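Engineer: Output the structure for:
(chains A and B)
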Amino acid sequence: MTFLRRLTRWETGLLVMIGIVLAVGSATSPGLLSTYNLQTIAINNSVLACLAFGVAPVIIAADIDISVASTLALCGVFMAKLWGGGMDIWLAALLAVGLGGVLGLINGVFVVLLDLPALAVTLGTMGAYTGVAFLILKGAAIVDFPTGLLNLGSGTIAGTQIELSTVVVVGLLLVLTFVVHVSPYGRALFAVGANRQAALFSGVAVTRTRLIAFVIAGMFAALAAVFYLGNYDTAQANIASDQLLPAITAVILGGVSAYGGTGTIPGVALAVILLALLQSALGLAGVSGQAQTIAVGALLIFAIGSGAAIQALPGLGRIARRRVPDSEPTASP
Amino acid sequence: MSVLRRHRWLLGLLAIVAALALAACGSSSKSSSSSSGGGGGSSSSGAGTKLFMLPKFTGIPPFTQANQGAQQMAKNWGYKLSYGGPTSASATQQVSFVNTAVSGGSKGIFLSADDPSAVTPALVRAQQRGVKVVSFDSDVLPNGRSIFVQGASADSIAQTELNMLGSQIGYSGSFAILSAQATDTNQVQWNKVLVNDLKTDPKYKNMHLVTIVNPPDDGTPSAVQYTQSLLKEHPTIKGIIAPTTVAVAAAAQVVKQQGVCSKYVVTGLGDPQQMKSFVTSGCVKQFALWSFSKEGEVAMCAMHGLLTKSITGKQGEKFTCPKIGSFTVGASGTVTAGPAVVFSKANLSAFTF
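Structural biologist: The predicted structure is shown next:
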């Protein structure tokens, strides 16, 4: 790929934006790059990262899943209830991840096997899963989880200042990157997202690919629940409901096309970092929570707009070359 | 394409993570001496020291008054008090405010918690950085703060509520409690003491608590909705105790709207200005509160004591508050600012908050 093409790749743009935010942010608020603040950013965005990583494969496959935050809440409540009943916290966490997979599978059954619109189905399950969580806890909260879990949520690796949750999130990132970009499943995922009919006629196992994507989303939502419980020490039916929109924003901002078929998981990770740094910098500069959402929304629109503009560039070049009277035949880009 | 070239962006990402990790390790060695945020970390009680007050949520009189009281008291020592919080009760947003305040250089934090467990890990981290924490109104877990200032003791609140209701229903009959969201520390504590009093005190032996209602948030629409369904489900109760200023106003509103003021006694903890119209119309005969302004003042005095290291929050320590008096730290770092005050038509006009 030409150097120019490489320069204008989406991820480069994200890296540039991260650099800008770091530079401007630390100039206005020196506290942005303090250990304390970086640690804070890391632990408070582990949940967002997990949710975004999980829902990215679904969007790449040209589906959508807006029930991930509710899945998080239900898995968190489930895990808390099991632990409250005497089970070891890590076994409860493992079962919660299993439940996440099942909840994702339910979405998959309705969307893929019954061929219902993904947005409508996951809108329904979003309400249903939250409802079940309410039924389990009836508005109460389970709190005061074991130190081991709290350590995962907000503790550092012994002897260093690196947050334990960050290490685990990076591990999950590597695993998912392998699955989506190296393994045969990943190739099938992109094929299905780019053109479902073509993939079907090419012999790709479309149904299974889409189902697995939903299961991945569910399991990552459950993992996000483990981080949430570790960081906030509270399990309630309405936890993390405000994380859904940021998660989807991070995925789109990360370069995953809403139409499916393109995008990278590392790109999503970069987008999560960008969003986290941006919100921290804005918060330190005194910008209110509401105004922060305006900035995030503007960033998203700008990113999508410039993405479309960059894609149009080769076309503009073609038009310019045509004006020269005795030019050689233009090669198609 | 080679595997490595295809995944150069992964390498780029790893490079960023490594860079941030190195930056963190690098700055950790100098974070204690030259604290970011201007003005070294040596003297933390001088004039201009930044403090931050974080209510459960902004926009209701109790917290606005606590802020005013604290601001007034801060003038004595030249502290700079900033005030801010989520617009609706949210523990995760409170955590953000705590983190921002600390990163922004505040040396002391006051807060009233939406959820004691959720916000404590962040407070513990703040305290590790030398920030002093004073909770007020709604406590956090004890390891997350040095001192907790309560406007009135839980015992006096529970007794006052039961007596206000009891005196209007002849100390006999069933009633319900309309509370707030299930994690509010102060609500949980007061209701627990009230339930215990019902069981153990013979004065209330004919009063029977039917249910405690916990709307999912501390806002008025939920309180109104839950009052309406409460009255539908339990039409035979004699009254409602609502221990939050939002809930008691909402309950009074519903009872007045349905025209059943004579059938149901509404009482609880209310703000005088907010409850004025209900009292003058006779719908609500009595309710109680205490001065949040004073609570803010006492909290600021306690913070001053902590910052100047004259107290540490241990039981038995004393500190004085200019123009108010001296206070003694009670069990588990708790300080009581004063008694609850009962409001009725007779004395309502005297209170301007």
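Engineer: Any part of the host helix or strand of B:M53 near chain A?
Structural biologist: B:M53 belongs to strand B:50-54 when assigned by DSSP states H and E. No. Judged by Cβ under 8 Å from any Cβ of the partner chain, strand B:50-54 and chain A are separated, with a smallest distance of 11.7 Å. The C-beta positions use only the backbone N, C-alpha and C, and glycine is treated the same way.
Engineer: can you give me the offset of that strand from its chain's centre?
Structural biologist: The chain centre lies 14 Å from the centre of strand B:50-54; the measure is Cα atoms, centre = their mean, to the nearest Å.
Engineer: what is the rounded mean pLDDT of the helix or strand that it is followed by?
Structural biologist: Once the chain leaves strand B:50-54, the next helix or strand it forms, by DSSP H and E, is helix B:61-74. The average pLDDT within helix B:61-74 is 92.
Engineer: Identify each buried residue in stretch A:279-295, please.
Structural biologist: Within stretch A:279-295, the residues scored as buried using 16 or more other Cβ atoms under 10 Å in any protein chain shown are A:Q279, A:S280, A:A281, A:L282, A:G283, A:L284, A:G289, A:Q292.
Engineer: how about it as PDB, C-alpha atoms only?
Structural biologist: Below are the C-alpha coordinates for stretch A:279-295, written out as PDB (Å, rounded to 0.1, in the frame of the first residue of the first chain):
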ATOM      1  CA  GLN A 279     -13.100  12.900  28.800                       C
ATOM      2  CA  SER A 280     -10.400  13.100  31.500                       C
ATOM      3  CA  ALA A 281      -8.800  16.200  29.900                       C
ATOM      4  CA  LEU A 282     -12.200  17.900  29.600                       C
ATOM      5  CA  GLY A 283     -13.200  17.000  33.100                       C
ATOM      6  CA  LEU A 284      -9.900  18.400  34.500                       C
ATOM      7  CA  ALA A 285     -10.400  21.600  32.500                       C
ATOM      8  CA  GLY A 286     -13.800  22.100  34.300                       C
ATOM      9  CA  VAL A 287     -16.100  21.000  31.500                       C
ATOM     10  CA  SER A 288     -19.300  19.500  32.800                       C
ATOM     11  CA  GLY A 289     -20.400  16.000  32.100                       C
ATOM     12  CA  GLN A 290     -23.200  17.200  29.800                       C
ATOM     13  CA  ALA A 291     -20.700  19.300  27.700                       C
ATOM     14  CA  GLN A 292     -18.400  16.400  27.600                       C
ATOM     15  CA  THR A 293     -21.000  14.400  25.700                       C
ATOM     16  CA  ILE A 294     -21.300  17.200  23.200                       C
ATOM     17  CA  ALA A 295     -17.500  17.000  22.600                       C
END
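Engineer: B:Q159: how many residues sit nearby?
Structural biologist: Other residues within reach of B:Q159, judged by other Cβ atoms under 10 Å in any protein chain shown, total 18.
Engineer: mind listing what it touches?
Structural biologist: Contacts for B:Q159 (Cβ atoms under 8 Å, 6 or more residues apart in numbering or on different chains) come out as B:D197.
Engineer: What sits closest to the residue in the stretch 201-350 of chain B that chain A sits nearest to if chain neighbours are left out?
Structural biologist: Going by Cβ to the nearest Cβ, chain A is nearest to B:N214 of the stretch 201-350 of chain B, at 5.1 Å. Of all residues not flanking B:N214 in the chain, B:A182 sits nearest, at 4.5 Å (Cβ to Cβ, 6 or more residues apart in numbering or on different chains).
Engineer: wait, that neighbour sits on A:A141?
Structural biologist: Yes. Assessed by Cβ atoms under 8 Å, B:A182 is found in contact with A:A141 at 5.6 Å.
Engineer: so what strands line up beside the strand holding B:M53?
Structural biologist: Partners of strand B:50-54 in the sheet, by DSSP bridges, are strand B:80-83 (parallel), strand B:108-111 (parallel).
Engineer: Now the element after the first one, going C-ward?
Structural biologist: Counting by DSSP H and E, the next helix or strand C-terminal to strand B:80-83 is helix B:91-103.
Engineer: what does the last one give?
Structural biologist: If you walk from strand B:108-111 toward the C-terminus, the next helix or strand you reach (DSSP H and E) is helix B:116-128.
Engineer: mind giving me the domain ranges of chain B?
Structural biologist: Per the record, chain B has its domains at B:50-151+B:292-338, B:154-289, by automatic domain parsing.
Engineer: Make TSV out of these and add distance to A:A222.
Structural biologist: TSV is the format used below for these (distance: least, Cβ to Cβ, whole Å):
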stretch	distance to A:A222
domain B:50-151+B:292-338	19
domain B:154-289	23
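Engineer: ranking these by burial, who's on top?
Structural biologist: Mean neighbour count (mean count of other Cβ atoms under 10 Å in any protein chain shown) peaks for domain B:50-151+B:292-338 among those, with a mean of 21.
Engineer: List the residues that contact residue 226.
Structural biologist: Looking at chain A here, since you left the chain open. A:V226 neighbours (Cβ under 8 Å, 6+ apart): A:G76, A:M79, A:A93, A:A96, A:V97, A:L149, A:L152.
Engineer: Not quite, go with chain B.
Structural biologist: B:Y226 touches B:L178, B:V213, B:P215, counting by Cβ under 8 Å, 6+ apart.
Engineer: Could you do A:L200 as well?
Structural biologist: With contact set as Cβ under 8 Å, 6+ apart, A:L200 has these partners: A:V206.
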